[in-house]
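Colleague: Test case, fold it:
(2 chains)
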Amino acid sequence: MNIVVCVKQVPDTATERKLRSDDNTLDRDAADGVVNELDEYAVEEALKLKEAHGGEVTVLTMGPAKATETIRKALAMGADKAVHLSDDALHGSDALSTSYAMAQVLKKIGFDLVILGSESTDARTGVLAAMLAERLGTAQLTLANKVDVEGSSITIQRITDYGFDRVEATLPAVVSVVEKINEPRYPSFKGIMAAKKKPVETLSIGDASIDAAQVGLGAAWSEVVDFAAAPPRAAGTIVKDEGDGGVNAADFLASKKFI
Amino acid sequence: MSEILVLVEQVEGEVKKVTLELLTLARSLGTPAAVWAGPGITAEAKARLAEYGAEKIYVAAGDDIVDHVVAPKAELLAQLVAVKSPAAVLVAATAEGKEVAGRLAVKTDSGVITDAVGLGEGFVADQSIFGGGINVHARVRRGTPIIAVRPNSTAPEAAAGAGAEEEVSVTLSDAAKAARVVERVKQEKGARPELTEAAIVVSGGRGVGSAENFSVIEGLADALGAAVGASRAATDAGWYPHQFQVGQTGKTVSPQLYIAAGISGAIQHRAGMQTAKTIVAINKDPEAPIFELADYGVVGDLHQVVPQLTEEIKKRK
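Modeller: Next up, the predicted model:
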């Protein structure tokens, strides 16, 4: 099985994240880059499927040169090789552009299964997997907390408000996974060393037949008009519990008409 | 005024509150038209949609719309966008709503904005990003604005619309039928409201101390008619099921009232709840960052404060 796992480098939530004042895009230099946490579950799921069914796991990322760190981490976990779509023309791409560019690469490299985290911790749109399925014309098996492959058929549990749906399709398919579908492995020392020798193919937009007019900030279907630091919340009333803390809280809730 | 399509969210024929919010919002920007995707519309549901301003109700009643994942709803909406040329399409910013919005955006070559917490003139959306640290105005530049709006972004207000029903027939493509729902498994959750939609959420964290002690959190939630949430510390410890985790890698909630008990308020948690209108924190550590967000805070042991609060609420009812 040819599995492609999409990973994204995101700014570390623990550091201060900023937008750039010149073009309203993410300031990638302001914060440390880390692997999007939900993508680690995607990598683990890809590796488990490979272990059970054989095949190959290719890491795919789109991002600046710095995103190589993220590729190395996925390779150190055990992926076989990587494709890095990197081109200055991609800067500022929105979800539509990104899904278009990624779909072009996926068409070029081929796949039986594409796996992603259900969202990124920076943009948090949660739309990429659905957009990829739409663009590739393949089954959308998203928000999975369980994935089973048997031959060419694939079944997932898709989490819903009421529990889950069991969803079936025939490969190829696009899968997104939610937190806790598995326990992502830590790269071993051996894995880290091996990752340095694994092939990483860097593609420009031309290499992947990506139309420059459909990507980047200029092509974006949506834009940030302006932004500002959120004003600090007005300082609240903080009381120390002297045996009547619950009563005091009830008074506050009553004053706000919640009770 | 131009039509604004609102995709209806419903559970067993009952229209969800978020749809009434979206209709209210749509009324301020155009003429709301509700879109019912799938079987099971009832006279009560139609009356409800009309009561909140739907001038039209488009009904696509085929089973195949809900028997396949997401794509059929996007195809239905894309067909309506082509035929009706609406000014915008609004969906609820639930996990599935956002996926419908994403596919619809590709189909109609339109921009999409997710997790709007407000929507103004020209469909300029308010968003709160990076854990609530930055407020953004965003807009769609190409195609029909497709906006996924967070539950509780606006208060639903009734204002009658004609509610004229129009049947829509949609022929699904093979691609839209690629992912088949073969079974729906309903897990017992009792009478509590759905977490992402609830007007009030009561969450417990590390300070709760054990799975058994979550009954204290549930007791307060039930007294308020609230949903129960949990911090990652609590779900990682196995004290509460992880689908109730509020935070960056879990659910995002934006309720009228959020009560955080025994939660320190790390950035990852704040990312999931910072747009709550009113925040109450109960924590024994006076230095806990959650108090920086709190409109009202009690420094104390939640095991004393929360049961007392629950009793007091019951008394005052």
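Colleague: now the strands: where do they sit in the stretch 101-250 of chain A?
Modeller: A:113-117, A:139-150, A:153-160, A:163-170, A:173-177, A:200-203, A:222-229, A:237-240 (DSSP state E, counting those that start in this stretch).
Colleague: can you pull out the helices in chain B?
Modeller: Ranges of helices within chain B are B:17-27, B:43-51, B:71-84, B:95-108, B:214-224, B:232-236, B:267-270, B:290-293, B:302-316, based on DSSP state H.
Colleague: Highest mean neighbour count out of the ones you listed?
Modeller: Neighbour counts (mean count of other C-beta atoms under 10 Å in any protein chain shown) averaged over each of the helices of chain B peak at helix B:95-108, with a mean of 26. No exception for glycine: its C-beta is placed from N, CA and C like everyone else's.
Colleague: ok, back up a step: of all the strands of the stretch 101-250 of chain A, which one is nearest A:Arg28?
Modeller: strand A:222-229 (15.3 Å; C-beta to C-beta).
Colleague: Just give me the longest helix of chain A.
Modeller: Longest helix in chain A, counting by DSSP H: helix A:37-53.
Colleague: just to revisit the earlier point, could the strands of the stretch 101-250 of chain A go into CSV alongside mean pLDDT, mean neighbour count and distance to chain B?
Modeller: Converted to CSV, the strands of the stretch 101-250 of chain A look like this (pLDDT from 0 to 100; neighbours: other C-beta atoms under 10 Å in any protein chain shown; distance: least, C-beta to the nearest C-beta, whole Å):
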stretch, mean pLDDT, mean neighbour count, distance to chain B
strand A:113-117, 98, 27, 9
strand A:139-150, 98, 22, 4
strand A:153-160, 96, 21, 6
strand A:163-170, 96, 19, 4
strand A:173-177, 98, 29, 7
strand A:200-203, 98, 16, 22
strand A:222-229, 94, 16, 4
strand A:237-240, 97, 14, 4
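Colleague: can you put those in TSV and add distance to A:Arg72?
Modeller: Formatted as TSV, those follow (distance: least, C-beta to C-beta, whole Å):
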stretch	distance to A:Arg72
strand A:113-117	18
strand A:139-150	25
strand A:153-160	29
strand A:163-170	32
strand A:173-177	21
strand A:200-203	8
strand A:222-229	31
strand A:237-240	46
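Colleague: Out of the ones you listed, which is closest to B:Gly102?
Modeller: strand A:139-150 (9.8 Å).
Colleague: is stretch B:77-84 up against chain A anywhere?
Modeller: No - Stretch B:77-84 stays clear of chain A (C-beta under 8 Å from any C-beta of the partner chain), getting no nearer than 10.1 Å.
Colleague: just to revisit the earlier point, buried stuff in the longest helix of chain A?
Modeller: Buried residues in helix A:37-53, counted by 16 or more other C-beta atoms under 10 Å in any protein chain shown: A:37-47, A:49-50.
Colleague: Break chain B into its domains for me.
Modeller: Here the domain assignment for chain B is B:3-177, B:200-316, based on automatic domain parsing.
Colleague: Rebuild those as a markdown table, extending it with mean pLDDT.
Modeller: What follows is the domains of chain B, written out as a markdown table (pLDDT from 0 to 100):
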| stretch | mean pLDDT |
| --- | --- |
| domain B:3-177 | 96 |
| domain B:200-316 | 96 |
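Colleague: so who does the closest residue to A:Gly246 other than its chain neighbours touch?
Modeller: Spatial nearest neighbour of A:Gly246, excluding adjacent residues (C-beta to C-beta, 6 or more residues apart in numbering or on different chains): B:Gln308 at 2.6 Å. B:Gln308 sits next to A:Asp244, A:Gly245, A:Gly246, A:Val247 when contact means C-beta atoms under 8 Å, 6 or more residues apart in numbering or on different chains.
Colleague: Quick check: of the residues you listed, which lies closest to chain B?
Modeller: The closest of the contacts of B:Gln308 to chain B turns out to be A:Gly246 (C-beta to the nearest C-beta; 2.6 Å).
Colleague: ok, that closest one touching B:Leu309?
Modeller: Yes - counting by C-beta atoms under 8 Å, A:Gly246 touches B:Leu309, with 3.7 Å between them.
Colleague: from the buried residues of helix A:37-53, which are also near chain B?
Modeller: Contacts with chain B within these, as defined by C-beta under 8 Å from any C-beta: A:Glu37, A:Leu38.
Colleague: sorry, back to before: which secondary structure elements does the longest helix of chain A sit against?
Modeller: Secondary-structure packing of helix A:37-53 (3 or more C-beta pairs under 8 Å, 6 or more residues apart in numbering or on different chains; DSSP states H and E): strand A:2-6, strand A:56-62, helix A:68-77, strand A:113-117, strand A:139-150, strand A:173-177.
Colleague: CSV for those, including distance to B:Val83?
Modeller: Output for the helices and strands packed on helix A:37-53, formatted as CSV (distance: least, C-beta to C-beta, whole Å):
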stretch, distance to B:Val83
strand A:2-6, 35
strand A:56-62, 35
helix A:68-77, 44
strand A:113-117, 32
strand A:139-150, 24
strand A:173-177, 29
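Colleague: for those, which one sits closest to B:Gly229?
Modeller: strand A:139-150 (18.2 Å).
Colleague: So what are the sheet partners of that closest one and their directions?
Modeller: strand A:153-160 (antiparallel), strand A:173-177 (parallel) (DSSP bridges).
Colleague: now those as TSV including distance to A:Val4?
Modeller: Compiled in TSV, these are given as follows (distance: least, C-beta to C-beta, whole Å):
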stretch	distance to A:Val4
strand A:153-160	14
strand A:173-177	10
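Colleague: gap between the residue of the stretch 51-200 of chain A found nearest chain B and B:Val216?
Modeller: The stretch 51-200 of chain A approaches chain B most closely through A:Val127 (3.1 Å), counting by C-beta to the nearest C-beta. For A:Val127, the distance to B:Val216 equals 38 Å [C-beta to C-beta, to the nearest Å].
Colleague: shouldn't A:Thr25 be in contact with A:Leu19?
Modeller: Yes - in terms of C-beta under 8 Å, A:Thr25 counts as a neighbour of A:Leu19; the distance is 6.7 Å.
Colleague: Of those two, which one has the most company?
Modeller: With neighbours defined as other C-beta atoms under 10 Å in any protein chain shown, A:Thr25 and A:Leu19 compare such that A:Leu19 has more, 20 against 16.
Colleague: my guess is that one meets A:Ala31, correct?
Modeller: No - using C-beta under 8 Å, A:Leu19 makes no contact with A:Ala31, being 11.3 Å away.
Colleague: Near A:Asp211, how many residues? Count them for me, please.
Modeller: 11.
Colleague: Could you do A:Gly110 as well?
Modeller: A count of nearby residues for A:Gly110, using other C-beta under 10 Å, gives 10.
Colleague: what do you get for A:Thr15?
Modeller: A:Thr15: 13 surrounding residues under other C-beta under 10 Å.
Colleague: Apart from its chain neighbours, what residue comes closest to it?
Modeller: Closest to A:Thr15 by C-beta to C-beta, 6+ apart is A:Ala31, at 4.2 Å.
Colleague: Give me the contacts around stretch B:152-160.
Modeller: So stretch B:152-160 is contacted by B:17-18, B:20-21, B:23-25, B:27, B:50-53, B:116-119, B:197, B:199, B:254-256, B:277 (C-beta under 8 Å, 6+ apart).
Colleague: Now that stretch: buried residues?
Modeller: Applying a neighbour-count criterion of 16+ other C-beta under 10 Å, the buried positions in stretch B:152-160 are B:Asn152, B:Ser153, B:Thr154, B:Pro156.
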